[in-house]
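K.L.:
Fold the following for me, if possible:
(2 chains)
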Amino acid sequence: QVQLQESGPGLVEPSETLSLTCSVSGDSISSYYWSWIRRPPGRALEWIGFMYHNGPTNYNPSLKSRVTFSGDTSKNQLSLRLSSVIAADTAVYYCARARGSGSYFDYWGQGILVTVSS
Amino acid sequence: DIHMTQSPSTLSASVGDRVTITCRASQSISLWLAWYQQKPGRAPKLLIFDASTLESGVPSRFSGSGSGTEFTLTISSLQPDDFATYYCQHYKTFPCTFGQGTKLQIK
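P.N.:
Predicted structure coming up:
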(Lines give C-alpha, C1' and ligand atoms only; values in the text may rest on other atoms or scores of the structure.)
Protein backbone atom coordinates (compact mmCIF):
# COMPACT_ATOMS: atom_id res chain seq x y z
CA GLN A 1 0.00 0.00 0.00
CA VAL A 2 1.56 3.27 -1.12
CA GLN A 3 1.16 6.12 1.34
CA LEU A 4 2.21 9.75 1.05
CA GLN A 5 2.33 12.31 3.85
CA GLU A 6 3.04 16.00 3.43
CA SER A 7 4.75 18.01 6.16
CA GLY A 8 6.06 21.51 6.67
CA PRO A 9 5.17 24.89 8.13
CA GLY A 10 1.55 25.92 7.96
CA LEU A 11 2.38 29.62 7.84
CA VAL A 12 4.87 31.38 5.59
CA GLU A 13 5.52 35.10 5.38
CA PRO A 14 5.18 36.94 2.07
CA SER A 15 8.38 37.02 -0.03
CA GLU A 16 9.78 34.02 1.85
CA THR A 17 10.29 30.48 0.53
CA LEU A 18 7.71 27.77 1.10
CA SER A 19 9.33 24.39 1.78
CA LEU A 20 7.38 21.15 2.03
CA THR A 21 8.35 17.50 2.34
CA CYS A 22 6.46 14.44 1.18
CA SER A 23 7.32 11.19 2.94
CA VAL A 24 6.60 8.14 0.81
CA SER A 25 6.09 4.61 2.09
CA GLY A 26 5.27 1.43 0.20
CA ASP A 27 7.19 2.48 -2.92
CA SER A 28 10.55 3.93 -3.84
CA ILE A 29 10.77 7.51 -5.10
CA SER A 30 13.30 6.18 -7.60
CA SER A 31 10.38 4.60 -9.42
CA TYR A 32 7.45 6.35 -11.07
CA TYR A 33 6.90 10.06 -11.53
CA TRP A 34 5.84 12.26 -8.66
CA SER A 35 3.94 15.51 -8.57
CA TRP A 36 2.96 18.39 -6.38
CA ILE A 37 -0.55 19.77 -6.79
CA ARG A 38 -2.29 22.54 -4.87
CA ARG A 39 -5.81 23.86 -4.32
CA PRO A 40 -6.17 27.54 -3.43
CA PRO A 41 -9.30 28.35 -1.40
CA GLY A 42 -12.38 28.31 -3.61
CA ARG A 43 -10.44 27.42 -6.72
CA ALA A 44 -9.67 24.35 -8.80
CA LEU A 45 -6.77 22.02 -8.21
CA GLU A 46 -3.59 23.32 -9.86
CA TRP A 47 -0.78 21.05 -11.03
CA ILE A 48 2.63 22.39 -9.98
CA GLY A 49 4.90 19.94 -11.75
CA PHE A 50 6.28 16.44 -12.30
CA MET A 51 9.61 14.99 -11.25
CA TYR A 52 11.42 11.71 -11.85
CA HIS A 53 14.23 11.16 -9.39
CA ASN A 54 17.56 12.05 -11.00
CA GLY A 55 15.61 12.57 -14.16
CA PRO A 56 13.62 15.24 -15.90
CA THR A 57 11.31 17.66 -14.20
CA ASN A 58 8.43 19.49 -15.79
CA TYR A 59 6.96 22.52 -14.09
CA ASN A 60 3.76 24.42 -14.70
CA PRO A 61 4.80 27.48 -16.74
CA SER A 62 2.79 29.69 -14.38
CA LEU A 63 5.11 28.73 -11.49
CA LYS A 64 8.27 27.58 -13.25
CA SER A 65 10.41 30.57 -12.27
CA ARG A 66 9.77 30.00 -8.55
CA VAL A 67 9.55 26.20 -8.13
CA THR A 68 12.17 23.58 -7.39
CA PHE A 69 11.56 19.87 -6.83
CA SER A 70 14.07 17.48 -5.30
CA GLY A 71 14.22 13.98 -3.86
CA ASP A 72 16.17 12.19 -1.11
CA THR A 73 16.33 8.45 -1.74
CA SER A 74 17.96 7.76 1.63
CA LYS A 75 14.83 9.09 3.35
CA ASN A 76 12.43 8.25 0.50
CA GLN A 77 11.19 11.83 0.56
CA LEU A 78 10.24 14.42 -2.01
CA SER A 79 10.63 18.14 -1.50
CA LEU A 80 8.98 21.24 -2.89
CA ARG A 81 10.41 24.74 -2.68
CA LEU A 82 8.38 27.73 -3.84
CA SER A 83 10.18 31.05 -3.59
CA SER A 84 8.94 34.62 -3.24
CA VAL A 85 5.51 33.56 -2.05
CA ILE A 86 2.50 35.84 -2.10
CA ALA A 87 -0.98 35.58 -0.62
CA ALA A 88 -2.21 33.86 -3.79
CA ASP A 89 0.09 30.92 -2.96
CA THR A 90 -2.11 30.12 0.03
CA ALA A 91 -3.46 26.65 -0.68
CA VAL A 92 -3.71 23.05 0.36
CA TYR A 93 -0.63 21.37 -1.11
CA TYR A 94 -0.68 17.71 -2.13
CA CYS A 95 2.00 15.32 -3.26
CA ALA A 96 0.91 12.54 -5.60
CA ARG A 97 2.28 9.61 -7.57
CA ALA A 98 1.78 9.63 -11.32
CA ARG A 99 1.54 6.58 -13.55
CA GLY A 100 3.86 8.30 -16.00
CA SER A 101 5.06 11.67 -17.15
CA GLY A 102 2.10 13.78 -18.10
CA SER A 103 -0.32 11.33 -16.60
CA TYR A 104 -2.98 10.90 -13.97
CA PHE A 105 -2.37 10.38 -10.26
CA ASP A 106 -3.01 7.08 -8.53
CA TYR A 107 -1.92 7.89 -4.98
CA TRP A 108 -2.21 11.18 -3.12
CA GLY A 109 -1.32 12.52 0.28
CA GLN A 110 -3.97 14.05 2.50
CA GLY A 111 -2.63 17.53 1.85
CA ILE A 112 -1.26 20.31 4.02
CA LEU A 113 -2.68 23.80 4.31
CA VAL A 114 -0.10 26.52 3.86
CA THR A 115 -1.12 30.10 4.54
CA VAL A 116 0.95 33.01 3.27
CA SER A 117 0.54 35.88 5.67
CA SER A 118 2.55 38.22 7.82
CA ASP B 1 -3.96 25.77 -21.17
CA ILE B 2 -6.93 23.47 -21.65
CA HIS B 3 -9.83 24.57 -19.44
CA MET B 4 -12.01 21.93 -17.77
CA THR B 5 -15.58 22.78 -16.79
CA GLN B 6 -17.67 20.51 -14.59
CA SER B 7 -21.42 20.60 -14.15
CA PRO B 8 -23.25 20.82 -11.95
CA SER B 9 -21.20 22.42 -9.18
CA THR B 10 -23.47 20.86 -6.58
CA LEU B 11 -25.75 17.87 -6.94
CA SER B 12 -28.32 16.69 -4.40
CA ALA B 13 -29.38 13.07 -4.62
CA SER B 14 -30.65 10.16 -2.56
CA VAL B 15 -29.26 6.71 -1.84
CA GLY B 16 -30.14 4.47 -4.77
CA ASP B 17 -30.30 7.28 -7.33
CA ARG B 18 -28.45 7.19 -10.63
CA VAL B 19 -26.37 10.34 -11.02
CA THR B 20 -24.29 11.79 -13.82
CA ILE B 21 -21.59 14.44 -13.64
CA THR B 22 -20.37 16.15 -16.80
CA CYS B 23 -16.88 17.42 -17.60
CA ARG B 24 -16.19 19.51 -20.71
CA ALA B 25 -12.78 20.38 -22.12
CA SER B 26 -12.08 23.62 -23.95
CA GLN B 27 -10.45 21.60 -26.75
CA SER B 28 -10.24 17.94 -27.69
CA ILE B 29 -8.37 15.75 -25.22
CA SER B 30 -9.16 12.43 -26.94
CA LEU B 31 -9.51 9.96 -24.05
CA TRP B 32 -6.92 11.54 -21.73
CA LEU B 33 -9.25 12.09 -18.78
CA ALA B 34 -9.33 10.92 -15.18
CA TRP B 35 -11.94 11.19 -12.43
CA TYR B 36 -11.27 11.48 -8.70
CA GLN B 37 -13.34 11.32 -5.54
CA GLN B 38 -12.44 13.35 -2.46
CA LYS B 39 -13.92 13.45 1.01
CA PRO B 40 -13.17 16.25 3.51
CA GLY B 41 -9.71 15.92 5.03
CA ARG B 42 -8.91 12.86 2.94
CA ALA B 43 -6.62 12.25 0.01
CA PRO B 44 -8.23 12.30 -3.43
CA LYS B 45 -8.93 8.80 -4.78
CA LEU B 46 -8.49 7.81 -8.42
CA LEU B 47 -11.70 6.33 -9.81
CA ILE B 48 -11.32 6.24 -13.59
CA PHE B 49 -8.55 6.90 -16.10
CA ASP B 50 -8.39 7.01 -19.89
CA ALA B 51 -11.99 8.27 -19.75
CA SER B 52 -13.58 4.88 -19.05
CA THR B 53 -11.09 2.49 -17.40
CA LEU B 54 -12.06 1.67 -13.84
CA GLU B 55 -9.18 1.80 -11.37
CA SER B 56 -8.56 -1.46 -9.55
CA GLY B 57 -10.70 -1.80 -6.43
CA VAL B 58 -13.25 0.83 -7.45
CA PRO B 59 -16.86 -0.44 -7.30
CA SER B 60 -18.47 -1.22 -10.64
CA ARG B 61 -21.33 1.21 -9.98
CA PHE B 62 -18.90 3.90 -11.13
CA SER B 63 -18.45 4.30 -14.86
CA GLY B 64 -16.99 6.87 -17.22
CA SER B 65 -17.69 7.68 -20.83
CA GLY B 66 -17.01 10.24 -23.50
CA SER B 67 -14.24 11.39 -25.77
CA GLY B 68 -12.98 14.58 -27.36
CA THR B 69 -14.46 17.42 -25.33
CA GLU B 70 -17.37 15.92 -23.40
CA PHE B 71 -17.19 13.32 -20.67
CA THR B 72 -19.45 11.90 -18.00
CA LEU B 73 -19.03 10.12 -14.70
CA THR B 74 -22.03 8.00 -13.75
CA ILE B 75 -22.83 6.35 -10.44
CA SER B 76 -25.50 3.75 -11.16
CA SER B 77 -26.92 3.42 -7.66
CA LEU B 78 -25.72 5.87 -5.04
CA GLN B 79 -24.42 4.43 -1.81
CA PRO B 80 -23.93 6.37 1.45
CA ASP B 81 -20.15 6.22 0.96
CA ASP B 82 -20.42 8.05 -2.39
CA PHE B 83 -21.33 11.47 -1.02
CA ALA B 84 -18.15 13.43 -1.73
CA THR B 85 -16.65 15.89 -4.19
CA TYR B 86 -15.68 14.66 -7.66
CA TYR B 87 -13.02 16.14 -9.94
CA CYS B 88 -12.06 15.55 -13.55
CA GLN B 89 -8.52 16.04 -14.86
CA HIS B 90 -7.14 16.03 -18.39
CA TYR B 91 -3.61 14.84 -19.18
CA LYS B 92 -3.52 15.44 -22.92
CA THR B 93 -0.80 18.09 -22.72
CA PHE B 94 1.25 20.04 -20.21
CA PRO B 95 0.02 21.54 -18.02
CA CYS B 96 -2.63 19.07 -16.95
CA THR B 97 -5.65 20.86 -15.48
CA PHE B 98 -8.61 19.96 -13.29
CA GLY B 99 -12.27 20.80 -13.19
CA GLN B 100 -13.51 22.91 -10.31
CA GLY B 101 -15.29 19.97 -8.70
CA THR B 102 -18.83 18.70 -8.22
CA LYS B 103 -20.07 18.29 -4.67
CA LEU B 104 -22.49 15.40 -4.36
CA GLN B 105 -24.65 15.84 -1.29
CA ILE B 106 -27.53 14.03 0.32
CA LYS B 107 -30.97 15.29 -0.66
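
K.L.:
B:Leu78 contacts B:Ser14, doesn't it?
P.N.:
Yes: between B:Leu78 and B:Ser14 there is a contact under CB atoms under 8 Å: 6.9 Å. In short, each C-beta sits where N, CA and C put it, glycine included.

K.L.:
Please pull up the helix or strand immediately following the helix or strand bottoming out on mean pLDDT in chain A.
P.N.:
Lowest on mean pLDDT, DSSP states H and E among the helices and strands of chain A sits strand A:57-59, with a mean of 90. Next helix or strand after strand A:57-59 toward the C-terminus (DSSP states H and E): strand A:67-72.

K.L.:
Any buried residues in that following strand, and which?
P.N.:
When burial is assessed from 16 or more other CB atoms under 10 Å in any protein chain shown, strand A:67-72 yields the following buried residues: A:67, A:69, A:71.

K.L.:
Make JSON lines out of those and add distance to B:Thr22 and pLDDT.
P.N.:
Rendered in JSON lines, the data for the buried residues of strand A:67-72 read as follows (distance: CB to CB, whole Å; pLDDT from 0 to 100):
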{"residue": "A:Val67", "distance to B:Thr22": "32", "pLDDT": "97"}
{"residue": "A:Phe69", "distance to B:Thr22": "34", "pLDDT": "93"}
{"residue": "A:Gly71", "distance to B:Thr22": "38", "pLDDT": "92"}
